[in-house]
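Visitor: Quick one, what's the 3D model for this:
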Amino acid sequence: DRIQALLQRRNINNNTLNRFGKLWIRNLTANICHNAKAHPMQIFSNKFTGTPGLLVAAGPTFDEAIPYLPELIKRCLVVAVDTALPLLLKNDIDPDIVVVDPQYWNSRHLDNCNNSNAIVVSESSAHPRIFSSLNGPFIFGSSLFPLGKILESDLPSRGKLGAGGSVATSAFEVLRNLGCTRIFTIGLDLGFPKNMTHCKGSFFEEAIHNNSSRLKTAEAQLWKYLYDGGKIQTYDYQGNQINSDTRMQLYLNWFNEQLKAHPEISLIPLSNKGNKIEMAKPKAIEHVMKYPDIYQEKKDMLSNTISSMYNSITENAQTIYKRIDLLIQDMTTIGDLALAAKQHLKLAWNNPEIWTPAWLGTLQSYDDEIRQHPAKDVAGFLLHEALKQIQQNANNKHPMAGSLILYDSLISAVSVHISLLKKAKNLLDEEFDL
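Guide: Got it, this is the predicted structure:
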């Protein structure tokens, strides 16, 4: 089962890269000024050791907790996922921290959330709408992508968030990094209790109803969502059968793996109706009411940590600006090498007699220079589609067809990076007068 889960996750990761690779790079360069302004997540490392944490997601069982929210926020450090933020605000609850997903449709959950003062944990590739929808302050974890890693390489360490594939897994990582070892959860259902996908009033639920018609009913859309992800029947904490899907099971497996890797952490769902996480131990919400009121104490800690952090925005901007200059040079070098290799290849495309050891040696030298270049991972980030194409055309009659596809794709990828990096430089120049 574990091997199958790993293979499923790898397949999802590859498909995600193919679909969103260019978008993440565009977002990363469009957010370059926010990158300079953001605080590193590392500043909160273990600041809340011994403090109970509350992870708030927007699963169906969120509705059960609504009456208890005013008391829960007094007794726990509250970290919400972006889908839950508008629901909390509707109930006059502003979480301490909100963790946001980088994609556009998740940013739509944040429409009309500009009355929140929650600290926002994000990543430099997040959709730019997020930064106009929320007030912040903004905390960035280290970038997961090669371009982001290089741009941040000369900045203070930001701290990593484990990549579990879901904003809920990121919220768990935030609480773990903050030092919380007792993590209560609301709405972390990882399945569809009573065949519901989200709690009432969520953006997803309202979007289904707003877009419904006689020919496209809300029920039909919900059925499609439930079954498109690969329906799985599983069990809640009471042993009752509920529906889930392959996506949710991947997240559930991630939580199981993390709890095994970090036995000091107790994950405590405040409902027994969600998909059962093996090592989680559910309790009634009333259990949390026994904890003391720490509201002012935690707010002071959050505020003081941010205000005491030396964060020279202009200095950060200058550092990133210099790194962009170097990266443009690197991309140009890799592009020139790929172009030279392509021309060398085309010169002998239909003349196998030219494929002498010396000719092949020259082609190999181009390949070696590209592979050994420090920025190769940045240029190669957008090559997944090309590699897939090469695999699909493995029986191509021309033995050098794969190499040609690779060089063309590399030239294209370099061009995309250089264009976006130049735009990023202009943004920094306009914002900080560099």
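
Visitor: Let me know how buried residue 63 is, in neighbour terms.
Guide: Using other Cβ atoms under 10 Å, the number of residues around residue 63 comes to 18. (Each C-beta comes from the backbone N, C-alpha and C, glycine too.)

Visitor: and residue 369, what element?
Guide: Using DSSP states H and E, residue 369 sits within helix 357-372.

Visitor: contacts for that helix?
Guide: The contact list for helix 357-372 (Cβ atoms under 8 Å, 6 or more residues apart in numbering) reads 334, 337, 338, 340, 341, 344, 345, 348, 376, 379, 403, 410.

Visitor: Please indicate which of those residues has the highest neighbour count?
Guide: residue 379 (26 neighbours).

Visitor: And that one, its phi and psi?
Guide: Dihedral pair for residue 379: phi -60, psi -30, per degrees, to the nearest 10.

Visitor: could you list every residue that touches it?
Guide: So residue 379 contacts 331, 334, 335, 370, 373, 410, 413, 414, 417 (Cβ under 8 Å, 6+ apart).

Visitor: Now do the contacts for the closest residue to it other than its chain neighbours.
Guide: Counting by Cβ to Cβ, 6 or more residues apart in numbering, residue 379 lies nearest to residue 334, which is 4.7 Å off, once chain neighbours are set aside. Contact partners of residue 334, counting by Cβ under 8 Å, 6+ apart, are 370, 373, 375, 376, 379, 410, 414.

Visitor: and of these, the nearest to residue 40?
Guide: For the contacts of residue 334, the minimum distance to residue 40 (Cβ to Cβ) is 23.3 Å, reached by residue 375.

Visitor: Dump the contacts of residue 379 into CSV; add secondary structure, distance to residue 266 and pLDDT as well.
Guide: Below are those laid out as CSV (DSSP: H, G, I helix; E, B strand; the rest coil; distance: Cβ to Cβ, whole Å; pLDDT from 0 to 100):
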residue, secondary structure, distance to residue 266, pLDDT
331, helix, 47, 96
334, helix, 48, 96
335, helix, 52, 96
370, helix, 49, 94
373, coil, 46, 95
410, helix, 48, 94
413, helix, 45, 94
414, helix, 49, 95
417, helix, 44, 96
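
Visitor: of these, closest to residue 186?
Guide: Nearest to residue 186 among the contacts of residue 379 is residue 417, at 41.4 Å by Cβ to Cβ.

Visitor: Now that residue 86 has come up, it's in contact with residue 115, right?
Guide: No. Applying Cβ atoms under 8 Å, one finds residue 86 not in contact with residue 115, separated by 10.3 Å.

Visitor: Give me the more crowded residue out of these two.
Guide: More neighbours surround residue 86 than the other of residue 86 and residue 115, with 21 against 9 (other Cβ under 10 Å).

Visitor: returning to that earlier point: max pairwise distance over the contacts of residue 379: which two?
Guide: Maximum pairwise distance in the contacts of residue 379, criterion Cβ to Cβ, is 14.3 Å, between 370 and 417.

Visitor: Which residue of the two possesses the greater neighbour count?
Guide: Comparing residue 370 with residue 417 by other Cβ under 10 Å, the one with more neighbours is residue 417, at 25 against 21.

Visitor: Which positions in stretch 379-388 come out as buried?
Guide: 379, 380, 381, 382, 383, 384, 385, 386, 387 (16 or more other Cβ atoms under 10 Å).

Visitor: Assign the residue nearest to the fifth one when sequence neighbours are not counted to helix, strand or coil.
Guide: Closest residue to residue 383 in three dimensions, ignoring its sequence neighbours and counting by Cβ to Cβ, 6+ apart: residue 409, at 5.4 Å. Of the three states, residue 409 takes helix according to DSSP: H, G, I helix; E, B strand; the rest coil.

Visitor: ditto for residue 127
Guide: coil.

Visitor: Of the contacts of residue 379, which is the nearest to residue 102?
Guide: residue 417 (18.5 Å).

Visitor: Contact partners for that closest one?
Guide: Residue 417 neighbours (Cβ under 8 Å, 6+ apart): 25, 147, 327, 331, 378, 379.

Visitor: ok, 10 Å please
Guide: Contact partners of residue 417, counting by Cβ atoms under 10 Å, 6 or more residues apart in numbering, are 25, 29, 147, 327-328, 330-332, 334-335, 375, 378-379, 381-382.

Visitor: Give me the buried entries from those.
Guide: Taking 16+ other Cβ under 10 Å as the criterion, what is buried in the contacts of residue 417 is 25, 29, 147, 327-328, 330-331, 334-335, 375, 378-379, 381-382.

Visitor: Kindly provide the distance from the residue nearest to residue 383 to residue 63.
Guide: For residue 409, the distance to residue 63 equals 48 Å [Cβ to Cβ, to the nearest Å].

Visitor: How confident is the prediction for the most far-flung residue of the chain relative to its centre, by pLDDT?
Guide: Centroid-distance maximum for the chain: residue 353 at 50.3 Å, with Cα atoms, centre = their mean. Looking at residue 353, its pLDDT stands at 83.

Visitor: do the same with residue 23
Guide: On pLDDT, residue 23 comes in at 84.

Visitor: so it, which of the three states?
Guide: Secondary structure state of residue 23, per three-state DSSP, is helix.

Visitor: In this structure it contacts residue 102, no?
Guide: Yes. Residue 23 sits in contact with residue 102 when judged by Cβ atoms under 10 Å, with a separation of 8.9 Å.

Visitor: any residues in contact with both of these two?
Guide: Each of 125, 127 lies in contact with both residue 23 and residue 102 under the rule Cβ under 10 Å, 6+ apart.

Visitor: the more surrounded of the two?
Guide: residue 102 (21 against 14).

Visitor: Who are the contact partners of residue 432?
Guide: Residues in contact with residue 432 (Cβ under 10 Å, 6+ apart) are 33, 36, 37, 313, 314, 315, 316, 317, 318, 320, 321.

Visitor: Are any of these buried, and if so which?
Guide: Neighbour-count burial (16+ other Cβ under 10 Å) applied to the contacts of residue 432 gives 33, 36, 37, 316, 317, 318, 320, 321.

Visitor: Columns pLDDT on top of those residues, output as TSV?
Guide: Converted to TSV, these look like this (pLDDT from 0 to 100):
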residue	pLDDT
33	95
36	93
37	92
316	92
317	94
318	95
320	96
321	97
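
Visitor: Restricted to helices, list those residues.
Guide: If you go by DSSP state H, the buried ones among the contacts of residue 432 have 33, 36, 37, 316, 317, 318, 320, 321 in helices.

Visitor: Was I right to think the fourth one contacts residue 35?
Guide: Yes. The pair residue 316 / residue 35 is scored as a contact, 7.8 Å apart, by Cβ under 10 Å.
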